[in-house]
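> here is a sequence together with a model predicted from it:
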2 protein chains.
Amino acid sequence: MKKGNAKRQAILDTAYRLFLAQGYDNTSMSEITTQVGGSKATLYHHFASKEELFVACMTAAIDQHVAGALASLSTDPDDMAMTLRRFGESFLQFVSSSDMVAVRRQMVAEASRLGVGKLFFDKIQTIGNEVALFLSACMASGKLRRDDSVLAANHLRGLLEAEILEPLLLQALETPPDDAEKNGMAQRAVAAFLRAYAPDDSRTLFE
Amino acid sequence: MKKGNAKRQAILDTAYRLFLAQGYDNTSMSEITTQVGGSKATLYHHFASKEELFVACMTAAIDQHVAGALASLSTDPDDMAMTLRRFGESFLQFVSSSDMVAVRRQMVAEASRLGVGKLFFDKIQTIGNEVALFLSACMASGKLRRDDSVLAANHLRGLLEAEILEPLLLQALETPPDDAEKNGMAQRAVAAFLRAYAPDDSRTLFE
DNA sequence: ATCAAACCGTACTGTACGGTACGATTTTCT
DNA sequence: AGAAAATCGTACCGTACAGTACGGTTTGAT
């Protein structure tokens, strides 16, 4: 059962690429078959229906991509500002990557299909929970104002995405921003967040 | 030319409702014809193609809805906090209405179709520009820290949408939040924004 | 060696849909 | 009234696509 899994994976890879590039409705099973090589019977041997194949592609993509975002959050509250800046940069690189934007667009477009939207949302939530945990530690140690840490994590995400996510999803930019611009957005977002959640009695933290 | 426009409007209304509820691909011209009554020839008399009808629906929806959001921003910087709170509430009610969420989902899903995504994004931008103008006045009068007003407007929008937009787009909530919850979100977002953009020398503005 | 699973190619079915044709009828404008 | 535009009903065309059928071939495990 080695070639079996290899073929299955090849189908997943090709289908993933086509679904992201063209969308669900504009990608036919025959096209996937042609590009992956082989026969449509083999495809239906591995996946009972087009919908099942789509969901399999998306769940795999979610798991794979979210792992990358979580890795960049070192839970060391000692140099909070630096940690947040690094996290902000890598999170923004993550969510604004062309793959991730394409995944998100498919999730929104086909949200109702087999609850794939909720699946994606739950995964995103796990990132938020990790961030909330870190922020909670910062609040406990007086580095941040005490407040609902989940709310704070949501606000941080909102600030990080504020400049970039919408135009990318709507394909409203001719030239996508490069890494330096994204890092600038992350810097500005984290700076705003630190001001918003600074302890009440500290006003000399920022130059 | 009275019944002509009436029929055209009836087609638009029905198509708008079906497109939002079912999406572009899952809505057939025959279904629109059946629900609006009459003949498919009449439909094609008013709209040359399915795509043209879709774009007509979306542009109409955009114009109509954006007007509502802009109305709630009184440009009086004297009671800035109150103005922002009221704007935040109505903006959030606006973007989280079921119609607007459905429109946005279609925009994302069909962003590449005839550049309808960019069309939508530009309209949203006009709201942001108005807000930026207001914030700029607040900065000039010392009520807010001096900074890029467009950035500040983006951050405000990011904070407002942070708790609610994503789960709605992904249809990840069983029960959508009611007006009171939305107002709470707006309050929290505006409070965070005011802290983030408070003048450097004011630390007693918030209780 | 053998058996079962996986694979291939090709052709096929049924259906759904965008768009057209066409002739008849109604409404609107002047 | 009478021309022009809009509307109607129904049938139709071409096509694209999800899924199936089927007979033959390769591959892997025991």
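Yes, it's here. Quick caveat: nothing in here was measured; it's all calculated off a predicted structure.
> compute the inter-axis angle for the helix or strand hosting A:L151 and helix B:149-161.
Using DSSP states H and E, the element containing A:L151 is helix A:149-161. Relative orientation of helix A:149-161 versus helix B:149-161 (axes from the mean of the first three to the mean of the last three C-alpha atoms, to 10 degrees): 140 degrees.
> can I get the helix or strand hosting A:D99 in CSV, CA atoms only?
If you go by DSSP H and E, A:D99 is part of helix A:98-109. Output of helix A:98-109 as CSV, limited to C-alpha atoms (Å, rounded to 0.1, in the frame of the first residue of the first chain):
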residue,chain,number,x,y,z
SER,A,98,-1.1,33.8,-2.0
ASP,A,99,-1.9,30.2,-1.0
MET,A,100,-3.6,31.3,2.2
VAL,A,101,-5.6,34.0,0.5
ALA,A,102,-6.8,31.5,-2.0
VAL,A,103,-7.7,29.0,0.7
ARG,A,104,-9.6,31.7,2.5
ARG,A,105,-11.5,32.7,-0.6
GLN,A,106,-12.6,29.2,-1.2
MET,A,107,-13.7,28.9,2.4
VAL,A,108,-15.8,31.9,2.2
ALA,A,109,-17.2,31.0,-1.2
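> show me how far that helix is from its chain's centre.
Between the mean C-alpha location of helix A:98-109 and the chain-wide mean there is a distance of 9 Å, by C-alpha atoms, centre = their mean, to the nearest Å.
> who's in contact with that helix?
With contacts defined as C-beta atoms under 8 Å, 6 or more residues apart in numbering or on different chains, helix A:98-109 is touched by A:19-21, A:23-24, A:58, A:61-62, A:65, A:94-95, A:116-117, A:120, A:168-169, A:176, B:23, B:105, B:108-109, B:111, B:169-170. For every residue, glycine as well, the C-beta is placed using N, CA and C.
> same deal with stretch A:39-57?
Identification of contacts with stretch A:39-57 by C-beta under 8 Å, 6+ apart yields A:7-8, A:11-12, A:15-16, A:19, A:24, A:29-30, A:32-33, A:36, A:110, A:113-114, A:116.
> just want the angle from the helix holding A:D99 to helix B:98-109.
Helix A:98-109 runs at 140 degrees relative to helix B:98-109, counting by the same axes, to 10 degrees.
> anything in whichever helix or strand comes after helix A:98-109 near chain B?
The helix or strand immediately downstream of helix A:98-109 is helix A:116-140, counting by DSSP H and E. Yes - using C-beta under 8 Å from any C-beta of the partner chain, helix A:116-140 reaches chain B at A:117-118, A:120-122, A:124.
> give me the buried subset of those residues.
Buried members of the residues of helix A:116-140 next to chain B, counted by 16 or more other C-beta atoms under 10 Å in any protein chain shown: A:117-118, A:120-121, A:124.
> on the three-state scheme, A:L173 is what?
A:L173 falls in the coil class when you classify it by DSSP: H, G, I helix; E, B strand; the rest coil.
> how much space separates it from chain B?
9 Å (C-beta to the nearest C-beta, to the nearest Å).
> thinking again about what came up before, what's the lowest-pLDDT member of the buried ones among the residues of helix A:116-140 next to chain B?
Ranked by pLDDT, those bottom out at A:I124 (90).
> returning to that earlier point: may I have the helix holding A:L151 as CSV, with CA atoms only?
Output in CSV follows, covering the C-alpha atoms of helix A:149-161 (Å, rounded to 0.1, in the frame of the first residue of the first chain):
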residue,chain,number,x,y,z
SER,A,149,-7.5,38.2,26.8
VAL,A,150,-9.6,36.6,24.0
LEU,A,151,-10.9,40.0,23.1
ALA,A,152,-7.4,41.4,23.1
ALA,A,153,-6.3,38.6,20.8
ASN,A,154,-9.2,39.4,18.4
HIS,A,155,-8.3,43.1,18.4
LEU,A,156,-4.7,42.2,17.7
ARG,A,157,-5.7,40.1,14.7
GLY,A,158,-8.1,42.8,13.6
LEU,A,159,-5.3,45.4,13.6
LEU,A,160,-2.9,43.1,11.8
GLU,A,161,-5.3,42.3,9.0
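> now look at that helix and say if it contacts chain B.
Yes - against chain B, helix A:149-161 shows contacts by C-beta under 8 Å from any C-beta at A:151, A:154-155, A:157-161.
> could you export the residues you listed as TSV, including distance to DNA strand D and pLDDT?
Below are the residues of helix A:149-161 next to chain B laid out as TSV (distance: C-beta to the nearest atom of the strand, whole Å; pLDDT from 0 to 100):
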residue	distance to DNA strand D	pLDDT
A:L151	42	98
A:N154	37	98
A:H155	41	98
A:R157	35	98
A:G158	37	98
A:L159	40	98
A:L160	36	98
A:E161	32	98
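> need those residues in JSON lines with neighbour count, can you?
As requested, these are exported to JSON lines (neighbours: other C-beta atoms under 10 Å in any protein chain shown):
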{"residue": "A:L151", "neighbour count": "18"}
{"residue": "A:N154", "neighbour count": "23"}
{"residue": "A:H155", "neighbour count": "28"}
{"residue": "A:R157", "neighbour count": "24"}
{"residue": "A:G158", "neighbour count": "26"}
{"residue": "A:L159", "neighbour count": "28"}
{"residue": "A:L160", "neighbour count": "28"}
{"residue": "A:E161", "neighbour count": "24"}
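> which one of these is nearest A:M82?
The shortest approach to A:M82 among the residues of helix A:149-161 next to chain B belongs to A:L160, at 16.0 Å (C-beta to C-beta).
> what's the spacing between the closest one and DNA strand C?
39 Å (C-beta to the nearest atom of the strand, to the nearest Å).
> pull out the buried positions in the helix or strand of chain A with the lowest mean pLDDT.
Every helix and strand of chain A was ranked by mean pLDDT, DSSP states H and E. The lowest is helix A:50-71, at a mean of 87. If you call a residue buried by 16+ other C-beta under 10 Å, then helix A:50-71 has these buried ones: A:50, A:53-58, A:61-62, A:65-66, A:69.
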